[in-house]
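Chemist: fold the following and give me the result.
(chains A and B)
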Amino acid sequence: NMENLQQTSRNLLVCDQSSLRHRKCRLSQQVQQHHFNHQVSLLLPECGSAPPPLDAALRSFSSSYLLRKLPLHELLDTHFLQDAVYQGSVYGLSYRSRIDEDTCVALLPSGQLVLSLDKDVYERLGVEGKPSRFNQRANSRYVVTVNLTDSSMAPGGRGYQRLLTGLKSRVQLQTDFLLSHHPGGGEALKALLSRYDWTEHRPQVSSRLLTNLPCPTPLTSDLPSCDPHSFLEWLGAVEAEVSCDNESTSFLSTLVCPEPRAVLSRALRVRVSGLLLPQDVYRLIEELRRCWDGRGTASWAALTVQGFADSPVSWGSREHGFLKGGENFYSLLLCSDHSYWLCMGTGAHDGCPP
Amino acid sequence: MSVFMDLNLRPTAERSTLQSLLDTAAHLGYSAVAINYVFEPTSKKKQEIPKPTPTSELFDKLPTVQGRSRPIRVLNRLTIVASDASHFRPSAPEFRSFDLLAIHPTSEKLFHAACMTFDVDIICVTVTEKLPFFFKRAPVSGAVERGLVFELCYVPAIRDSTTRRYTIANAVCLLESCKGRPLELRGPYDIANLGLLFGLSEGDAKEAVSSTCRSAVLHGETRKTASGTVYTKRLCTGPAHQACTGPAHQACTDSTHQACTDSTHQQEVTDPGSEAADEPAAKRARPAPAVTDSTAPAVTDSTAGQ
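Modeler: Next up, the predicted model:
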């Protein structure tokens, strides 16, 4: 019983080590499958400002649209299906809804609509779903997944009608909704934008110059000087601006930079946040790779991508939950020789990253 | 998981203090709270069961829950502190105005009776002092089977080291509630962490501030409905309707109702009833979801107020 107290919440970390030049490199799939990205943070050592092509890539993340009080049955609107769901990739996520308390909805680029519902709502909706993987004793949460591109969900079909009736008359679910479309952008979403209150969200870019930053060395992915856990702890401390001095007078943080270490005179941390598309994230990674073709003094760069804490899915359609935290993130250590470490982390109520 | 609730907010004499407590609760993320009126009958003189002040009179405005778009829900709860069964009269009409009924037994005999037979939703157990009696498995399982929950107050544990020891000691035996100060509120995730000290698993600790509270509230709602199958809501105010005195409109044979074309009345008749009507019936008809581990009864953590 008391052993429980010594354990921290369960979390999962999957580390992949490979090279971008490798034939079977899976980085592209792993990045593309992480549909809902809230923040991308890039750490560039010995850099005062981002090289122009990289800066351009950072500033060209697609905009997303926040619709206020969208009735969920509108996601089944035929025009919306034609213009957005059936063409390209649509990304949709309910906004200001908590995955451990409320109804959360996600619309995946594959056309899957994932509804994470509490027991009362599920029982009234009348559409078949499965109990959440993370239910405790009683089933308090259910997940309904329908594929809007499937023939059974074609407008007029039985499955479509059942869900539409459920969302229109049995449970009038309504939520603020974040939407994005690739490659159509706002144009593809006009079916809904024209009828509901909306605001456009351009991803915010912010940068900060860090000085005298202790850093583990050497950072290569062939012979890592430190293990992935220690590296991630250090990277996390840098991102969260937590001191790694471990002074004897301070009890706030006992984090230390792994040995052997060096001190970077300066490093640039650039952040982009919003509803960020995986296509844009991968484009950024490719731009980073191009930076080292020929020039560039830095030997590595670290990219951390955070998912939404309250998203119903993490990678692909793997169910995501929130016990004590909603982390679903990955950190990429990219080296100048195109080799990399990819560390994907999830929490207690999550499946294993790919 | 379901929304977070704190079912033990003590009413204060000053409205403004209670309003700010409610604002704090909403800010911390609690979607529902219960104002707990404590009644401690003594054999000396006949005391009246307190009447709950209607929510609309207590609060100017119900604040919105942080991170959600709904206002916080306020319920009324009565806690009876007793050592003798004669103090508890379940059919007393005063009990009906409360959404939740709790009993704080101070003797082993009453604890046993409360667990096995009393029509209450919550059983509070003392935490500020050494347990006056030991918990036996039989009444605890009996209570769990009937859908009752146990309450443990966390406020003394965060205030004083002596009471913290008693809290953890008594809670490890079982989980007991206790008297504490009314203005201490902590966030639901923090309370879930505190639950770990009491011997709850991570999942159970989080349930203690969410789903278990929901079960208690629904259990309380069954008392207002006829075994959870009939739910009435007064909507009409016209003179024809005042003539109707039946508890359910289905039972009413007043001809004015049949002739009624008042739109609000029609709405009521066709109203399928709130989700509360469905759930309690289900709860009453079959036992609560099986708690297979009898050493881990359903628990709610809450603030206790004085």
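Chemist: remind me which residues of the chain are low pLDDT?
Modeler: Since you didn't name a chain, this refers to chain A. For chain A, the stretches with pLDDT under 70 are A:1-6, A:220-224, A:293-298.
Chemist: that's the wrong chain, I meant chain B
Modeler: Along chain B, the model assigns pLDDT under 70 to residues B:1, B:43-46, B:90-91, B:167, B:169-185, B:225-306.
Chemist: now do the helices in chain A.
Modeler: A:3-6, A:27-33, A:52-59, A:78-80, A:119-125, A:158-165, A:190-193, A:228-239, A:278-291 (DSSP state H).
Chemist: would you turn the ones you listed into CSV with mean neighbour count and distance to chain B?
Modeler: All C-beta atoms are positioned from the backbone trio N, CA, C, and that covers glycine. Below are the helices of chain A laid out as CSV (neighbours: other CB atoms under 10 Å in any protein chain shown; distance: least, CB to the nearest CB, whole Å):
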stretch, mean neighbour count, distance to chain B
helix A:3-6, 9, 6
helix A:27-33, 17, 26
helix A:52-59, 16, 29
helix A:78-80, 16, 23
helix A:119-125, 19, 5
helix A:158-165, 16, 14
helix A:190-193, 18, 19
helix A:228-239, 18, 20
helix A:278-291, 18, 26
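Chemist: who wins for proximity to residue A:250 among these?
Modeler: Between residue A:250 and the helices of chain A, the shortest separation by CB to CB is 13.3 Å, and it involves helix A:228-239.
Chemist: neighbouring contacts of that closest one?
Modeler: A:13, A:15, A:41, A:43, A:210, A:213, A:215-216, A:219, A:224, A:226, A:242-244, A:253, A:255, A:257-258, A:267, A:269, A:302, A:304, A:331, A:333, A:341, A:343, A:345 (CB atoms under 8 Å, 6 or more residues apart in numbering or on different chains).
Chemist: sorry, back to before: redo the helices of chain A as JSON lines? Include distance to residue B:80.
Modeler: Supplementary listing: the helices of chain A in JSON lines, determined by distance: least, CB to CB, whole Å:
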{"stretch": "helix A:3-6", "distance to residue B:80": "34"}
{"stretch": "helix A:27-33", "distance to residue B:80": "56"}
{"stretch": "helix A:52-59", "distance to residue B:80": "63"}
{"stretch": "helix A:78-80", "distance to residue B:80": "56"}
{"stretch": "helix A:119-125", "distance to residue B:80": "30"}
{"stretch": "helix A:158-165", "distance to residue B:80": "47"}
{"stretch": "helix A:190-193", "distance to residue B:80": "54"}
{"stretch": "helix A:228-239", "distance to residue B:80": "51"}
{"stretch": "helix A:278-291", "distance to residue B:80": "58"}
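Chemist: right, and the ones you listed - which one's nearest residue B:168?
Modeler: Between residue B:168 and these, the tightest spacing by CB to CB is seen for helix A:3-6, at 11.0 Å.
Chemist: can you select the buried ones from the contacts of helix A:228-239 in PyMOL?
Modeler: Buried residues within these, by 16 or more other CB atoms under 10 Å in any protein chain shown, are selected in PyMOL with:
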select buried, chain A and resi 15+41+43+210+213+215+216+219+224+226+244+255+257+258+267+269+302+304+331+333+341+343+345
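Chemist: could you pick out which of the contacts of helix A:228-239 are near chain B?
Modeler: Among those, no residue is within reach of chain B (CB under 8 Å from any CB of the partner chain).
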